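Student: fold the following for me, if possible:
(chains A and B)
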Amino acid sequence: MVHAFACMGKNYIYDSGSGSLHECDEKTKNYVAAKYEGCGDISAFSENEISEMEKDLEGLKKEGLFLAEEVSVYPPKPSEVKALCLHICHDCNLRCRYCFADEGAYHSAREFMSEETAKAAIDFLIKNSGNRKVLEVDFFGGEPLMCLPTIKKVVAYARERSAAAGKKFLFTTTTNALLLDDDAIDFFNREMENVVLSIDGRKEVHDAIRKTVNGKGSFDLVIDKIKKFVRSRGDKSYYVRGTFTSRNLDFSKDVIFLAENGFDSISMEPVVTDIPDLAIGEEHLPAINAEYETLLARYLDKYDRGEGFNFFHFNVDLEGGVCLQKKVSACGAGNEYFSVVPNGDIYPCHQFAGDKNFLMGSVFGGELNAQIRSKFAESCLFTRQGCENCFAKFICSGGCAANNYRYEGDINKPYKITCSMMKKRIECGMHALAHKKEREKG
Amino acid sequence: MIKTVAKPSERKVTGCGECRSTCQSACKTSCTVGNQSCERITREQNPEKVK
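Tutor: Alright, predicted model coming up:
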């Protein structure tokens, strides 16, 4: 299928079957929208105009770049495990109201993962990884830096085991940076492939939600630590990662604040919460989608001035993106990616942690729950309801299973609010791609 | 007037499984495959950056 859209005064046609993007004039955009998407009045165009435009479109069609046939067959999924999210502790030194993990406790007792359990998780991953060489582990919480000694031992253990097993481990840590001292920085720079640091942007926005146990804002406690870490990071990956709520729908200011504080790899995510004064509802979508365009303008302005930065959600890699199998099979939660909570129990991903309906097994032995695994393994783009008629399907692959379940009660039923934001971000990302290519050409 | 901005690279391999786990990239709430790149293509284009 095709999608014709305008963004920042430019007009585009995206062909989802071929995954190609074309820039066009406004008339062609309107014509494609009317004829191929049913949006608009086809009688507004003269026969001559239609003939000219169809000639151009036919040329693209012959190249396989317009109305290209879409795959509708589900490629077989691998059954090997490739990644684990290790909940190294279910405790946190912050009390952020919007935390999906119940301020770190996951609706249960605050507890830490033992070294024995973490090592059993590494063994589980290696044992179930089949022929995969590269394995991934992310340390998650709660706040992982509350357990740095355990993390160090686990990394050393995994390195030792991987050498014998012919595997390579890539590690990631997600942290609020409160305990990010020189020792942690050295360790992260030596061992972590990626580090995700939570900061919401402007001080007043951050402090309104991200509070210490004593109820004070944490911005001043983390900003210099994160800056120091990023300065030391060299060319290794990191993200400063913020959350926006219905209270800061002007979140472009927070992204730009972060960029202007020296961070060049930024992610800003819509909150996942039911708390009424923070949750994002349908009524917020017009403002959010307009804000993405505001952000896009600032983002490209900085790019043009040589101050460009990486904004995660504007990365739409049409040329070197993931392959079709990955596009169809989505994130892999519950099949090739699992979460392990402090007592060793296994869940499909961190967002299902603690929900006994999704308890899949334990790193201490036994088989994974075949019924749950099969449900996740079979869940793919072609099982997601309503995606067949969406231009974004090969980019979003039907959205986040956890969000779908949380808000729609079914991992295969896409959450409409996420869909709306996703489509807008994709259009922005496509415009950013076109803009950068144009500038590169000079 | 129509000009092609981008089209996918030709691929010899699909489903090799080398790609990063989607949920480990940045957000852990709304990461999608569309924000990811193919590890193989990235490695082939930037061999010096890959150990």
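
Student: in a strand, A:Tyr238, correct?
Tutor: Yes. Counting by DSSP: H, G, I helix; E, B strand; the rest coil, A:Tyr238 is part of a strand.

Student: hey, where'd the helices end up in chain B?
Tutor: Under the criterion DSSP state H, chain B contains helices at B:39-45.

Student: for chain A, what are the nearby residues on it?
Tutor: B:1-9, B:11, B:13-38, B:41-42, B:45, B:49 (CB under 8 Å from any CB of the partner chain). In short, each C-beta sits where N, CA and C put it, glycine included.

Student: now restrict those residues to buried residues only.
Tutor: Neighbour-count burial (16 or more other CB atoms under 10 Å in any protein chain shown) applied to those gives B:2, B:4-9, B:15-38, B:41-42.

Student: the residue in the stretch 301-442 of chain A that chain B sits nearest to: neighbour count?
Tutor: Using CB to the nearest CB, the closest approach of the stretch 301-442 of chain A to chain B is made by A:Ile395 at 3.2 Å. By the criterion of other CB atoms under 10 Å in any protein chain shown, A:Ile395 has 26 neighbours.

Student: can you pull the contacts of it?
Tutor: A:Val316, A:Lys327, A:Ile426, B:Thr32, B:Val33, B:Gly34 (CB atoms under 8 Å, 6 or more residues apart in numbering or on different chains).

Student: these two touch, right, the fifth one and A:Ala330?
Tutor: Yes. Contact between B:Val33 and A:Ala330 holds when scored by CB atoms under 8 Å: they sit 6.3 Å apart.

Student: what sits in contact with each of these two?
Tutor: A:Ser397, B:Thr22.

Student: was I right about B:Arg20 contacting A:Leu135?
Tutor: No. The pair B:Arg20 / A:Leu135 is not scored as a contact, 11.1 Å apart, by CB under 8 Å.

Student: any residues in contact with both of these two?
Tutor: In contact with both B:Arg20 and A:Leu135: A:Leu170, using CB under 8 Å, 6+ apart.

Student: which elements pack onto the host helix or strand of A:Val230?
Tutor: A:Val230 belongs to helix A:219-232 when assigned by DSSP states H and E. Counting contacts by 3 or more CB pairs under 8 Å, 6 or more residues apart in numbering or on different chains; DSSP states H and E, helix A:219-232 packs against helix A:182-191, strand A:192-198, helix A:203-209, strand A:237-244.

Student: quick one: average pLDDT of the longest one?
Tutor: Read it as helix A:182-191. For helix A:182-191, mean pLDDT is 98.

Student: before we move on, what about stretch A:422-441?
Tutor: 96.

Student: what's in contact with stretch A:51-64?
Tutor: Outside stretch A:51-64, the residues that touch it by CB under 8 Å, 6+ apart are A:15, A:18, A:22, A:27-28, A:31-32, A:45, A:66-67, B:1-2, B:4.

Student: least confident pick among those?
Tutor: Minimum pLDDT for the contacts of stretch A:51-64 is recorded at B:Met1 (84).

Student: just want the most central residue of chain B.
Tutor: Against the mean C-alpha coordinate of chain B, by CA atoms, centre = their mean, the closest residue is B:Ser37 at 1.5 Å.

Student: export the contacts of stretch A:51-64 to JSON lines and append columns for secondary structure.
Tutor: Conversion of the contacts of stretch A:51-64 to JSON lines gives the following (three-state DSSP):
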{"residue": "A:Asp15", "secondary structure": "strand"}
{"residue": "A:Ser18", "secondary structure": "coil"}
{"residue": "A:His22", "secondary structure": "strand"}
{"residue": "A:Lys27", "secondary structure": "helix"}
{"residue": "A:Thr28", "secondary structure": "helix"}
{"residue": "A:Tyr31", "secondary structure": "helix"}
{"residue": "A:Val32", "secondary structure": "helix"}
{"residue": "A:Phe45", "secondary structure": "coil"}
{"residue": "A:Phe66", "secondary structure": "coil"}
{"residue": "A:Leu67", "secondary structure": "coil"}
{"residue": "B:Met1", "secondary structure": "coil"}
{"residue": "B:Ile2", "secondary structure": "strand"}
{"residue": "B:Thr4", "secondary structure": "strand"}
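
Student: wouldn't A:Val363 be in contact with A:Val340 here?
Tutor: Yes. Counting by CB under 8 Å, A:Val363 does reach A:Val340; the two are 5.7 Å apart.

Student: list the residues that contact both of those two?
Tutor: Contacts common to A:Val363 and A:Val340, judged by CB under 8 Å, 6+ apart, are A:Thr117, A:Ala121, A:Phe124, A:Ile346.

Student: ok, which of the residues you listed also contact chain B?
Tutor: Subset of the shared contacts of A:Val363 and A:Val340 in contact with chain B: empty, counting by CB under 8 Å from any CB.

Student: measure stretch A:298-311 end to end?
Tutor: 11 Å (CA to CA, to the nearest Å).

Student: just the buried residues of it, please?
Tutor: A:Arg298, A:Tyr299, A:Leu300, A:Lys302, A:Gly308, A:Phe309, A:Asn310, A:Phe311.

Student: which residues touch the residue nearest to A:Glu408 when sequence neighbours are not counted?
Tutor: Nearest residue to A:Glu408 in three dimensions, chain neighbours excluded: A:Tyr415, at 5.5 Å (CB to CB, 6 or more residues apart in numbering or on different chains). A:Tyr415 is in contact with A:Gly399, A:Cys400, A:Asn403, A:Asn404, A:Arg406, A:Tyr407, A:Glu408, counting by CB under 8 Å, 6+ apart.

Student: of the residues you listed, which is the most crowded?
Tutor: Top of the contacts of A:Tyr415 by neighbour count (other CB under 10 Å): A:Cys400, with 30 neighbours.

Student: kindly indicate whether the residue lying closest to B:Thr22 once chain neighbours are set aside is helix, strand or coil.
Tutor: Distances taken as CB to CB, 6+ apart put A:Cys331 closest to B:Thr22, at 3.8 Å, once the chain neighbours are dropped. Assigned with three-state DSSP, A:Cys331 falls in the coil class.

Student: try A:Ala259
Tutor: Relying on three-state DSSP, one would call A:Ala259 helix.

Student: what about the residue lying closest to it once chain neighbours are set aside, distance to A:Ile50?
Tutor: With CB to CB, 6+ apart as the criterion, A:Ala259 has its nearest non-adjacent residue at 4.7 Å, and that residue is A:Phe309. Computed with CB to CB, to the nearest Å, the distance linking A:Phe309 and A:Ile50 is 43 Å.

Student: chain B: strands as residue ranges?
Tutor: For chain B, the strands defined by DSSP state E cover B:2-6.

Student: poorly predicted segments of it, please.
Tutor: For chain B, the stretches flagged by pLDDT under 70 are B:12-13, B:24-27, B:29-30, B:47-51.

Student: one more time with 50
Tutor: B:50-51 (pLDDT under 50).

Student: returning to that earlier point: now, the contacts of A:Tyr415 that are in helices?
Tutor: If you go by DSSP H, those have A:Asn403, A:Asn404, A:Arg406, A:Tyr407, A:Glu408 in helices.

Student: contacts only, for the fourth one.
Tutor: Applying CB under 8 Å, 6+ apart, we find A:Tyr407 in contact with A:Tyr415, A:Ile417, A:Thr418.

Student: can you tell me how far it sits from A:Ala401?
Tutor: 12 Å.

Student: count residues in the vicinity of A:Glu160, would you?
Tutor: Neighbours of A:Glu160 using other CB under 10 Å come to 11.
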